[in-house]
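Enquirer: Coordinates for the following, if possible.
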Amino acid sequence: MRVQRQMSITVPVPQHLPASAALAYIQTADPIIRNLGTLSRFEPTAVTEDAANDPFFELQPPSPVAGYQIFEVITLAPGLTKEVTYPAFFQRISEGIRLAYPSQNLWAIGSESFN
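Expert: Numbering: from 1, shown residues only. Next up, the predicted model:
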């Protein structure tokens, strides 16, 4: 059975900060990637053909898809860790950012929005 997880992060935006500035920051993908508790590092990478042609990323007007290789350190047992890596793909949308990454022959997808 497929495991589903939902994550929500709520951060108050100071009144002096324009909403467009907060949205622009979310759209860099940086705050979403850095929120991973087990993140060790991430690097920009090429977008795979599967991701580029996925209907999830078809928008009008079109918006480019950015790819990152994510590296996480997971705990297998007390004192035993392993670094895992996987690609993640992000696309700016008018109200936030979309993300997708391959997961056991399926695409795991999500959307972050600023409202």
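Enquirer: Tell me, how many residues neighbour Gln91?
Expert: Applying other CB atoms under 10 Å, we find 23 residues neighbouring Gln91. (Each C-beta comes from the backbone N, C-alpha and C, glycine too.)
Enquirer: Report the separation between Ala66 and Pro55.
Expert: Distance, Ala66 to Pro55, by CB to CB, to the nearest Å: 18 Å.
Enquirer: Looking at the two now, which is surrounded by more residues?
Expert: Ala66 (18 against 5).
Enquirer: Per-residue pLDDT of the closest residue to that one other than its chain neighbours, please?
Expert: Using CB to CB, 6 or more residues apart in numbering and skipping the chain neighbours, the partner closest in space to Ala66 is Phe90 (5.0 Å). Here, the pLDDT recorded for Phe90 equals 89.
Enquirer: Please apply the same query to Gln27.
Expert: According to the prediction, Gln27 has pLDDT 84.
Enquirer: Which strand residues bridge the spatially most central residue of the chain?
Expert: What sits nearest the mean C-alpha location of the chain, by CA atoms, centre = their mean, is Leu99, with 4.5 Å. Counting by DSSP bridges, Leu99 is bridged to Phe90, Gly110.
Enquirer: Now do it against Leu39, distance only.
Expert: According to CB to CB, Leu99 stands 14 Å off from Leu39.
Enquirer: quick check, Glu83 in a strand?
Expert: Yes - looking at Glu83 with DSSP: H, G, I helix; E, B strand; the rest coil, it is inside a strand.
Enquirer: residues in contact with stretch 30-45?
Expert: Here stretch 30-45 makes contact (CB atoms under 8 Å, 6 or more residues apart in numbering) with 7, 9, 25-26, 66-74, 83, 87-88, 90, 97, 99, 112.
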